[in-house]
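A.B. asks: just a sequence and a predicted model for now, questions to come.
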Amino acid sequence: MELNNLINLKLTQESGQTSQPPWQVVENSYCGLIEIANSPILLKVSQNNINSLKIDWELPISNQSSSSIDEIAIYEEIANIFDFNFNLGELYDFMGNDPQLEPAIDFCKGLRLFIARDPFECIISSICSANNSIARWTKSIATISSKWGKSYEFLSGTFNSFPSSAILSEVYEDELIESGVNGDKGIEFCLNNLKSCGVGYRASYMKKASEIINSEEIAISDIFKMDYDEAFDTIMKLPGVGPKVADCILLYGFGFNQAFPSDVWIKRIVSHLYFNGKDIPVSKVREFGMDKFGNYAGYVQLYLFHYARKSGLMDKLRKKYLY
DNA sequence: GCGCAGGTATTGA
DNA sequence: TCAATACCTGCG
């Protein structure tokens, strides 16, 4: 089946958005596990041209009874994940009116938000991404899924869900705690803990955040009902969540398109494009982005980052800030 | 070997 | 409010 909408699937998948790691590529398709009415389905998404996506899916090998497949729900889920209800044409009209943004359109045409399947996965992924490299945090999240997620067999391979907050809040934080509980086990054999996934000092943040979400001290369903400011203040209470991570969570996990996640690179890019190279504090960059770009802020952030990457601007700025 | 990578928490002025 | 500093870990 085809789904028609402007998208660059590869760019969207591999742009390092903290909603989740990129999906696994099997025979030219990006394969992602989703759940429809609590049933696992493997989505297989590929692209022939810039204006459409080829959609296929598989059921687990052990459960081939296709009678109850809700195709409408599957397409709704795909539309959510790739933000198909958002009109890229309107974004390009908006960006086209800004001389600083206009060049980014062609460099990133079809780049879309890669929305989280699961807000909790997005929260943990985003915490894990802080002061980290894309390669390392995506690997860590994949490892977490393989250790504690549910495993399903498909013709295209084995895929794991991301563990629920109930599961993750019970996982050992590090090898010291694990070996303390299992006294007979040497520390070097303790691999059933968060830190063994290469998350470093973020292990305690991820563990505590899981507990807070699971206990509903902060409830995911409540965040959806809040306005942006309240949601931002609420999510900032999670350990390991500062302004940058909070905005990533709100953008990729909760659909707040007015979030403008501001890190060192966005700061450098915005300083260069809009402040004549004068170094602007990250907090001011965030305010500037939200004021100037409004409900396009999240997309503009995404486009600016990848425009800088692909245009050579980032290399230029890297040299400037090297010393 | 050493600095850096899409920040945050903590501390002290 | 704000600057300074430590922090896991893998990679070049």
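C.D. replies: Received it, and whenever you're ready, just let me know what you need.
A.B. asks: which one is residue A:112 nearest to, not counting chain neighbours?
C.D. replies: Take residue A:112 and drop its neighbours on the chain: the residue closest to it by C-beta to C-beta, 6 or more residues apart in numbering is residue A:12, 4.7 Å away. Using the backbone N, CA and C atoms, a C-beta is placed for each residue, glycine as well.
A.B. asks: and that neighbour, what does it touch?
C.D. replies: Residue A:12 sits next to A:82, A:110, A:111, A:112, A:113, A:114 when contact means C-beta atoms under 8 Å, 6 or more residues apart in numbering.
A.B. asks: please indicate which of these are buried?
C.D. replies: Among the contacts of residue A:12, the ones that count as buried by 16 or more other C-beta atoms under 10 Å are A:82, A:110, A:111, A:112, A:113, A:114.
A.B. asks: can you tell me which of the contacts of residue A:12 is nearest DNA strand C?
C.D. replies: In terms of C-beta to the nearest atom of the strand, no member of the contacts of residue A:12 lies closer to DNA strand C than residue A:114, at 22.8 Å.
A.B. asks: in three-state terms, label the closest residue in space to that closest one that isn't next to it in sequence for me.
C.D. replies: Of all residues not flanking residue A:114 in the chain, residue A:17 sits nearest, at 4.5 Å (C-beta to C-beta, 6+ apart). Secondary structure state of residue A:17, per DSSP: H, G, I helix; E, B strand; the rest coil, is coil.
A.B. asks: any idea how far whichever residue of the stretch 101-250 of chain A sits closest to DNA strand B is from residue A:248?
C.D. replies: Residue nearest to DNA strand B within the stretch 101-250 of chain A: residue A:242 (2.4 Å; C-beta to the nearest atom of the strand). Residue A:242 sits 10 Å away from residue A:248, going by C-beta to C-beta, to the nearest Å.
A.B. asks: next one: residue A:319
C.D. replies: Distance from residue A:319 to residue A:248, by C-beta to C-beta: 27 Å.
A.B. asks: next: residue A:271.
C.D. replies: From residue A:271 to residue A:248 the distance is 20 Å (C-beta to C-beta).
A.B. asks: repeat for residue A:131
C.D. replies: For residue A:131, the distance to residue A:248 equals 13 Å [C-beta to C-beta].
A.B. asks: ok, residue A:202 next?
C.D. replies: Residue A:202 is 14 Å from residue A:248, by C-beta to C-beta.
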